[in-house]
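J.: For reference, the sequence and a predicted model appear below.
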Amino acid sequence: MATEVGRLPVEVRDVAGEFCSNGKRLRPLLVQAFALSHGATSDAWLAFGVALELLHKASLIQDDLPIMDDDEMRSGHPAVHATSSPAHALLASDAMIGHAFRLGAESAHPAEAVTLMSDALAALCGGQLKDLHLAGKNTTADWTQIADEKTGALFALAARLGVLAAGRLDDESHQNAQKFGVSLGRLYQLFDDIADGESSAPMAALNEHRDAILAHVQRTPQPAALRRYVEQLQKLTEKVLSGSDPAPPPSPPTG
């Protein structure tokens, strides 16, 4: 991550470099887990993981802007726009998005990678627009669609980039990865809603999404590479419901 951030213009690094260095790395770890679960024998997943993290970080920078959620803090630290300016933050995040696509274009499967990234970014923006239009008045069906786009899109992208990093282009692998990411996105959005006091989802609802995720794990060629990542979801569920801060899952095994 530090190497690729170092390739950005110095002005961008001055604005967002420190923000890029922090985070749980949930999505890059998922890229790695899916790559290993599909037989990857190299670090080809790493550039995809960085690209995805740049997209995610850029989306958070824009989400915090005064014209969006107007948040001054992010994970206990001042938001990027609060330490510079909204204009600086917007331009820096745009540069990060551009570099993410450059990494996709430099991969062994540039056309597939850029298409996946473009579709995911469009879905994320579409979900955010729906959320803004509805302004908290969404129905259950609206919530599901917004979660699938606003949150699930990047998790699904992570899973599919992992499959791509392993050199797999077959529809079955990518469809399973897509469904995994959508299910994880719904579970993660429930976590977020509970943490924000916007939901009191029962354990049964959380377990439903977790069970769907586990089913998709079993459909991968080497499930053990994903299982360690996914087994943490039960602990995450319990921690969220108890009000404690959920920790990120560990890196999946490399052997």
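T.: Great, that's in hand. No experiment lies behind these values; they were computed from the predicted model shown.

J.: Pretty sure V31 sits in a strand.
T.: No. V31 sits outside any strand when classified using DSSP: H, G, I helix; E, B strand; the rest coil, being helix.

J.: okay but it is in contact with W45, surely?
T.: Yes. The criterion here is Cβ atoms under 8 Å, and V31 meets it with W45 at 5.0 Å. (Glycine included, C-beta is placed from N, CA and C.)

J.: Can I get the host helix or strand of L60 in CSV, CA atoms only?
T.: Assessed by DSSP states H and E, L60 sits inside helix 45-63. Only the C-alpha atoms of helix 45-63 are listed here, as CSV (Å, rounded to 0.1, in the frame of the first residue of the first chain):
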residue,chain,number,x,y,z
TRP,A,45,-3.7,-10.7,-5.7
LEU,A,46,-1.7,-8.0,-4.0
ALA,A,47,-2.1,-5.3,-6.6
PHE,A,48,-5.8,-6.0,-6.8
GLY,A,49,-6.0,-5.7,-3.0
VAL,A,50,-4.3,-2.3,-3.1
ALA,A,51,-6.6,-1.1,-5.9
LEU,A,52,-9.6,-2.1,-3.9
GLU,A,53,-8.4,-0.4,-0.8
LEU,A,54,-7.8,2.8,-2.8
LEU,A,55,-11.3,2.6,-4.1
HIS,A,56,-12.7,2.0,-0.6
LYS,A,57,-10.6,4.8,1.0
ALA,A,58,-11.7,7.2,-1.7
SER,A,59,-15.3,6.3,-1.2
LEU,A,60,-14.9,7.0,2.6
ILE,A,61,-13.3,10.4,1.9
GLN,A,62,-16.2,11.4,-0.3
ASP,A,63,-18.8,10.0,2.1
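
J.: which strands and helices sit next to that helix?
T.: helix 2-5, helix 10-20, helix 26-37, helix 86-105, helix 110-134, helix 152-165 (3 or more Cβ pairs under 8 Å, 6 or more residues apart in numbering; DSSP states H and E).

J.: Next secondary structure after that helix?
T.: Following helix 45-63 toward the C-terminus (DSSP H and E): strand 73-74.

J.: and that following strand, how far from the chain's centre?
T.: With Cα atoms, centre = their mean, to the nearest Å as the basis, strand 73-74 stands 18 Å off its chain's centre.

J.: repeat for stretch 155-167
T.: How far stretch 155-167 lies from its chain's middle: 12 Å, per Cα atoms, centre = their mean.

J.: And that stretch, what's buried?
T.: 155-166 (16 or more other Cβ atoms under 10 Å).

J.: swap in stretch 43-59?
T.: The neighbour-count check on stretch 43-59 (16+ other Cβ under 10 Å) flags 44-59 as buried.
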